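Chemist: From the sequence below, what's the structure:
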Amino acid sequence: MMNQQPQEVERKIIAILKVVSQSGEPLGARVISRRLRVHGIELSERAVRYHLKLMDERGFTQSVGRDGRLITQQGLEEVESALVGDKVGLVASEIELLAYQADFDVDERRGTVPVNISFFPHGKFKKALDVMREVFKAGICVSDLVAVAREGEMMGGSVVPQGKIGMATVCGIVVNGALLRRGIPVDSKFGGILQMREGRALRFVELIHYAGSSLDPSEIFIASRMTCVRKGAKLGNGRILASFREIPAVCKLEAEKVVLGLEKAGVGGLIALGEHSKPVCEFPVEVNKVGMILMGGLNPVAAAVESGIEVESHAMSAVIKLEDLVKVWEL
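Modeler: Now for the predicted structure:
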């Protein structure tokens with residue numbers, strides 16, 4: 001192990017950090033080794049321990065006794081700053097990973113759902129919540145179920161920073177996961193800005209393909225102030241966050257049943273489900289496929305940013321048990 005090239009060591013460290021960052025609890029070398037295999041990386045427990053020691057020394061991870069390691073803020077920053085070449089297509093792979101990890105059972109209405117995590121200034125959270133409730137009320141969200149954590153508390157494997165309040169919103173990947181559990185393959189194409197007119201989806205005016213991006217499209221659009229979610233919530237005319245998926249046309253009827261089951265559980269986000277090989281909202285669909293447009297889970301947060309509140313968001317951050325979420329109206 002001591003003869004490894006520096007770049008090879010860095011790649012393994014980044015891979016381990018990603019695994020640890022995606023867990024809501026401390027992980028030991030054995031579990032990390034097993035989860036790395038899912039990503040096609042073979043590292044023995046001994047090798048993982050060696051790299052964890054290096055990571056501890058560099059401040060990327062912290063030991064939690066016999067329970068294993070947690071990622072630090074410095075470690076999270078290191079993951080975000082990983083080699084760009086390695087990160088191209090990262091969003092697409094994260095979607096697949098979260099869809100696999102989310103084990104929400106539509107019939108039983110229990111299990112874990114994927115979430116986005118946002119951090120708000122403590123003194124402005126009430127104002128942000130008032131703004132976001134308008135968006136939740138208008139249905140421009142995946143679900144009105146959320147989770148909130150105070151500074152110093154754990155949320156999705158991360159510690160809420162000092163002076164902040166963390167809030168988790170359900171991510172549209174919950175649909176991917178539910179379809180996957182029914183054996184329906186989903187091809188996640190892109191995230192974009194969807195133009196709404198009189199309450200109806202019209203067309204995508206901006207888009208970023210997942211396969212060619214190292215950053216989540218929603219985070220980019222929010223940071224660039226390209227949304228008009230509040231206007232969409234109040235007037236039905238605006239620009240909201242949405243994503244485009246494709247499924248085999250033969251699976252459409254089963255997919256409709258899955259979506260209906262999600263809606264009964266208070267989770268949804270489906271904007272449109274197209275017809276066999278036909279365009280959806282003016283966007284072409286592959287032969288023998290059906291287009292699907294899903295609501296962006298960060299739309300309420302985008303509205304808060306539009307109102308002038310600085311928010312740090314991390315899309316597709318983790319999975320959380322459905323029973324740990326509460327209605328936004330109860331906050």
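
Chemist: where does the stretch 201-331 of the chain dip in pLDDT?
Modeler: Applying pLDDT under 70 to the stretch 201-331 of the chain picks out no residues at all.

Chemist: where along it do the helices fall?
Modeler: 217-223, 229-235, 252-264, 299-306 (DSSP state H, counting those that start in this stretch).

Chemist: Which one of these lies nearest to P279?
Modeler: Across the helices of the stretch 201-331 of the chain, P279 has its closest neighbour in helix 252-264 (15.4 Å, Cβ to Cβ). In short, each C-beta sits where N, CA and C put it, glycine included.

Chemist: quick one: contacts of that closest one?
Modeler: If you take Cβ atoms under 8 Å, 6 or more residues apart in numbering as the criterion, helix 252-264 is touched by 106-107, 109, 174-175, 178-179, 182, 184, 247, 268, 270, 273, 276, 290, 292.

Chemist: buried sites along it?
Modeler: Applying a neighbour-count criterion of 16 or more other Cβ atoms under 10 Å, one finds K252, A255, V258, V259, G261, L262 buried in helix 252-264.

Chemist: and S33, what is it in contact with?
Modeler: Contacts of S33 (Cβ under 8 Å, 6+ apart): L43, S44, E45, A47, V48.

Chemist: now do V301
Modeler: Contacts of V301 (Cβ under 8 Å, 6+ apart): N116, S118, M132, M167, T169, I222, V311, S313.

Chemist: ok, now with 7 Å
Modeler: Contact analysis of V301 by Cβ atoms under 7 Å, 6 or more residues apart in numbering lists S118, T169, I222, V311, S313.

Chemist: Skip the chain neighbours and tell me the closest residue to it.
Modeler: Leaving aside its chain neighbours, V301 sits nearest to S118 (4.8 Å; criterion: Cβ to Cβ, 6 or more residues apart in numbering).

Chemist: which stretch of helix or strand covers the one you found?
Modeler: Take DSSP states H and E as the rule and S118 turns out to sit in strand 112-121.

Chemist: same check, this time on L70
Modeler: Taking DSSP H and E as the criterion, L70 maps to strand 69-71.

Chemist: what separates G177 from V113, distance-wise?
Modeler: Per Cβ to Cβ, to the nearest Å, G177 is found 8 Å from V113.

Chemist: rewinding a little: kindly reformat the helices of the stretch 201-331 of the chain as a markdown table containing distance to K126.
Modeler: Below are the helices of the stretch 201-331 of the chain laid out as a markdown table (distance: least, Cβ to Cβ, whole Å):
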| stretch | distance to K126 |
| --- | --- |
| helix 217-223 | 20 |
| helix 229-235 | 17 |
| helix 252-264 | 30 |
| helix 299-306 | 11 |
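
Chemist: nearest to Q195, of the ones you listed?
Modeler: Each of these has some distance to Q195 by Cβ to Cβ; the shortest is helix 229-235, at 9.1 Å.

Chemist: Report the contact partners of the nearest residue to K278 once chain neighbours are set aside.
Modeler: Among residues not flanking K278 along the chain, V285 sits closest, at 6.3 Å (Cβ to Cβ, 6+ apart). V285 makes contact with E246, G274, S277, K278, P279, G291, according to Cβ under 7 Å, 6+ apart.

Chemist: Would you mind giving both backbone torsions of V285?
Modeler: When read as degrees, to the nearest 10, the backbone of V285 gives phi -120, psi 140.

Chemist: Could you pull out the strands in this structure for me?
Modeler: Along the chain, counting by DSSP state E, strands occupy 61-63, 69-71, 112-121, 145-149, 154-155, 158-159, 164-170, 187-197, 200-209, 238-248, 270-273, 289-295, 312-321, 326-327.
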